[in-house]
Each structure stands twice: as C-alpha cells, then as structure tokens.
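Visitor: here is my input, please return the structure:
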Amino acid sequence: MKKRLILILGLIVLLPMSVLIGFGIMLAQQEKERAQARYERVLAGRLSDINGGIVRLIESRERELLRALALPTFEPEQIRSRVRESRLLRQLFVIAPDGTLIHPREDAILTGEERAFLGRTASLWESGESFWSPEEVATANPKIGLKRNAPLSNSYGWHTWFWGEGLRLIFWTHLPSGHIVGAEVERAAMLADIIGQLPADDFTGSPLPEGRITLMDAQNHPLYLWGSYVPDKSVNPTVTQQLPAPFSAWSLHYFAPLEGMTHGLGRSAIFNISSGLAALALCLATLAIYFYRESSRDMHEAARRVTFVNQVSHELKTPLTNIRMYAELLEKRIPENDSRTHNYVEILVSETQRLSRLITNVLTFASHRRGKLKHHPQPARVDVVVASVIASFSPALESMGISVSVEGCADRHVLLDVDVLEQILGNLINNVEKYARGATTLCIKQHQSVDTTTMTLSDNGIGIPATQRKTIFHPFVRLSNKLTDGVSGTGIGLTIARQLATLHGGTLEFVPTEAGATFELTLNTPEANA
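Guide: Below is the predicted model of the structure:
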C-alpha cells in the first residue's frame, strides 16, 4: 500500500511539474526567439548606419565625377589629361548626339589603356543597347536621375557589368550640347573609399558582443572583413544587407556568436520562469510530503486498529471454544423430557458456532492481507467433512424450513485441509441461512475425479440480483445493508471462501440460474496414497 501511495504522490508532483516545465520551456523558447529578433534588429540597425555612410559617399563621388566629366572640349589630349588628374577615372569616353562613339575611336591613334577599354566594353557597344536611354536613367538613379519627360541635359547615371575580375562601373552624364560623356570608374578607388566608411577593425566600446562584418561581392567572395570573431564556414550570417546602387550586387554580412544572441536580452524573463517553476516545485513537494505523512499516520493508526482487532479476536477464540465445548457437554446431560432447557442450550451452541465462524473469518481475512494465509492438507474424506458441516447447521436450517440433501459420492481418501473446506462450506451455507428468504431446499452435489473434487451448492431462494453478481466476491459487500432486514455479517464471507479455494488450488464461482443461487466449488484433492 505504501508503494502505491508513494507512486500516487509522485504522480501528483511530477505530472503538474512536467506540464509546467514544458510550458516554461515553450515560454523560454519564445522569449529567446523574441530576444534574438530584437538582437537582429539591433545588428540590422548597425548595418543600416554603415549603409547610410556608403550612400553619402556615393553621392559625394557622383558630384566629383560630374565635375570631372564637364569637359570644355573633346580633344583627345584634353580627355587624357582629365583622366590623369582624377583618381576615380580609369578611362573617359564621348558619344555624339547621334549615338556615335567619337572617343576613343578604333580608327584613331589610341593609347594602350584606351584600346584595353574598348576590349573590356566591346559587349556594351556591340549589343546596340544604349545604357544612357531615358528608361535606363530612370531606373539607374531614381533618387537623382532623369525623370520621365525630363530634359536629357539634366540626367546622369550608373551602369554596371561584369568582366574579368568582377564588377565594372560606368558613370555617365548628358551635356547641354547633347553629347554623352562617361567614365569607367576606378573600381579599386571606389572600394577603398567604401572601406574607409566602414567601422574600425575592432568592437571596442560597442554595446554589442564581438562579431564579424564582411563585405561580400556578387560571387559571395569576401572583399573586406573586420572583427576578431571567426564564424564556422557552415554558419549563415545573422543579418545581411544589400549595398546601395551601383554596388547593389555587393552585400554586408554580420556574423555574431550564438551565445551572444540573448546576451542581456531575455535573461531576466528566463530567470523569472525558472524561479517560478522552482518555487512551484518546492510547494508541490512540500504538499506531497505533508499528504504522505498524514496518510502514513492514518495508515499506521488503521494498522494498529486492525492489529487490535486481531489480538482481541485471538483472545476471544479460546474462551469461545471453551464455552462451546461446555455447552455441548451440557446438552448431552440434560434429560430428554426437559425440552425448554434443550432449546436454550441449542441456541447457546448455535450462537457460539456462529460467533466462532465470524472470528475465524476475521482472522483468515487478516492473514490473507498480510500474506500469511497457508493451508495444511492431510488425508481425509470430503463427505465426512460435508456431513459434519451440515450437522452443525441442521438446527438453524430446520427452524427455517430448509431441508438439506446431498447427492453424489466423495468418499475417497484425499489430501485435504479440513479446516479450509469447513470454513468455505460454513460461509456458503451461512449465506443461505441469512439471505435465501423463502427457500425450502439446499442441494449439495459432489463429484470426484483423479485429483479434483467438485461441489455444487444450490438453493431455491430469492437468488442474487443480476446487478450485484459481479461484486459479491468483493470484500465488505453485502446483499442487504438495511438494519430492518435482520441480517448480520461483515461482508467478507464469500471473499474468504474464494481466497481459501484458490489457496487449495481450486476455484469458487457463482453459476447463474433461473431461480435461487448456485455456487460451484472445485478443490485440488490428489489421492492420499500418492
């Protein structure tokens, strides 16, 4: 019983704790995700600040390029001189209003750089597409570039293409004369200017944990990186942001250590959840211990009471046996003509027998509960035991108008615990005496096989209601609990009878019949000689 109680108390504590722990883990995970989202927004803000500096840098370089492209003449030497003067210009070109490339021309005398420029940009001229068209302008630089229906003299823009080592840049503008002047911008110079806008090479003074920011090109190759944190190659960046045009093929990647995701964010919520769960666990454990102590105390008290009842029953058994013995002796010494005294003594003997059965049942039930119930088979005959039990009940049954008949033979010497069989039959016949109102017959049928004795007890009384047939073998279950019925008992008779039958290697079952009640008893009774 203690193990079951401990198991129940453990479930009372563990089940709510399991649910609450699962709920707490879910809340902690949600808080972690929210903290990570806040963390990523902070990192994205940092990249946005960097991007803002790059936007301002590009605007500054656009103004510088516009000044450099304002050529007074289109003489080759003037153009070459302008290229030498600016660190941003790698090569200049001029397109006539009719779309003809007038510098550098393939049929003119060109420098090596000019011929290399024509080679790099051959795909631009051969495609026939004019990257300086109004539509191209409107999409290339929507913030400052040409609006629809705007005069071409107010337009400028960027064009990018890939050649050789990567991204190439062209910046162009429309002059009032209708000419287009453009320049291949020095990629290394622009990259150096962009890197100059990036943060210092450490995170000193930053409220964010140490990480790594990487400038990636269109092929996802690093162009520049800073920060001492080295992420694993399989780790994706925490935050990614694209650079503004014309460097939209490039991007900034921010890698941050995973342990820093919730640094300073969500820690208090997780601590509060953990503290709450710990406090609740302590309360549940304390409550379980309290219930366990109280129930243990009640169980000890109940055990003491049962022990007291057993001790009292043992103490009553000896004097009750003496009373019964002397009552039977007295019955033999009373003269035959003294019928009144005979009746008194018969009642005395009958009541002592009934009280003896009651005490025996209580002691047997207690022994079974403690696992100390045993049987002691000895050579005996079943029919002799049956006749003895019937004889003890005859006066009471005759007074109720119930006649007893025995059918079959069970006279073989077998190994039998006489006390067990007497107690089983006594409980079954006692139930007929108490509950079989209106019965007139009790029939006992016997049959013996090689090692089994089968007995069937049937009466023609009111029977057992169908709703109660499944519980009649449960302890403390009685067919009638009304005081007005005049039926006494503890409700353990059938329980003990079945337990004793099982102990003797047999069974006791209720057999449904149309009238009355029928019980079938089987016992393991091997031959005594064997």
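Visitor: going forward, measure contacts between C-alpha atoms and count neighbours the same way
Guide: Fine.
Visitor: I'd like the next helix or strand past the helix or strand bottoming out on mean pLDDT in the chain.
Guide: Ranked by mean pLDDT, DSSP states H and E, the helix or strand of the chain with the weakest confidence is helix 134-140, at a mean of 49. Heading C-terminal from helix 134-140, the first helix or strand you meet, by DSSP states H and E, is strand 156-163.
Visitor: is it correct that residue 445 is in contact with residue 406?
Guide: Yes - using Cα atoms under 8 Å, residue 445 is in contact with residue 406, at 5.9 Å.
Visitor: find the nearest non-adjacent residue to residue 214, please.
Guide: Closest residue to residue 214 apart from its sequence neighbours, by Cα to Cα, 6 or more residues apart in numbering: residue 225 at 4.2 Å.
Visitor: name the element the one you found belongs to?
Guide: Here residue 225 sits within strand 222-226, counting by DSSP H and E.
Visitor: what are the buried residues along the host helix or strand of residue 422?
Guide: With secondary structure defined by DSSP H and E, residue 422 is part of helix 418-435. Within helix 418-435, the residues that count as buried by 16 or more other Cα atoms under 10 Å are 418, 420-433, 435.
Visitor: which secondary structure elements does it contact?
Guide: When contacts are defined as 3 or more Cα pairs under 8 Å, 6 or more residues apart in numbering; DSSP states H and E, helix 418-435 sits against helix 339-369, helix 382-399, helix 493-503.
Visitor: now with 7 Å, please.
Guide: When contacts are defined as 3 or more Cα pairs under 7 Å, 6 or more residues apart in numbering; DSSP states H and E, helix 418-435 sits against helix 382-399, helix 493-503.
Visitor: residue contacts, the residue nearest to residue 214?
Guide: Listed by Cα atoms under 7 Å, 6 or more residues apart in numbering, the contact set of residue 225 reads 213, 214, 215.
Visitor: at 10 Å instead, please
Guide: Contact analysis of residue 225 by Cα atoms under 10 Å, 6 or more residues apart in numbering lists 195, 198, 201, 212, 213, 214, 215, 216, 252, 253, 254.
Visitor: for the protein, what spans make up the helices?
Guide: Per DSSP state H, the chain carries helices over the ranges 2-69, 76-85, 112-120, 122-126, 134-140, 187-197, 267-333, 339-369, 382-399, 418-435, 493-503.
Visitor: got the contact list for the shortest one?
Guide: The one in question is helix 122-126. Contacts with helix 122-126, where a contact means Cα under 10 Å, 6+ apart, come from 100, 101, 116, 118, 129, 130, 131, 161, 163.
Visitor: next, format those as a markdown table and append distance to residue 286 and neighbour count.
Guide: Output for the contacts of helix 122-126, formatted as a markdown table (distance: Cα to Cα, whole Å; neighbours: other Cα atoms under 10 Å):
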| residue | distance to residue 286 | neighbour count |
| --- | --- | --- |
| 100 | 94 | 13 |
| 101 | 92 | 16 |
| 116 | 87 | 13 |
| 118 | 88 | 17 |
| 129 | 83 | 10 |
| 130 | 84 | 12 |
| 131 | 80 | 18 |
| 161 | 74 | 13 |
| 163 | 76 | 11 |
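Visitor: from those residues, which one has the minimum pLDDT?
Guide: The weakest per-residue confidence within the contacts of helix 122-126 falls on residue 129 (64).
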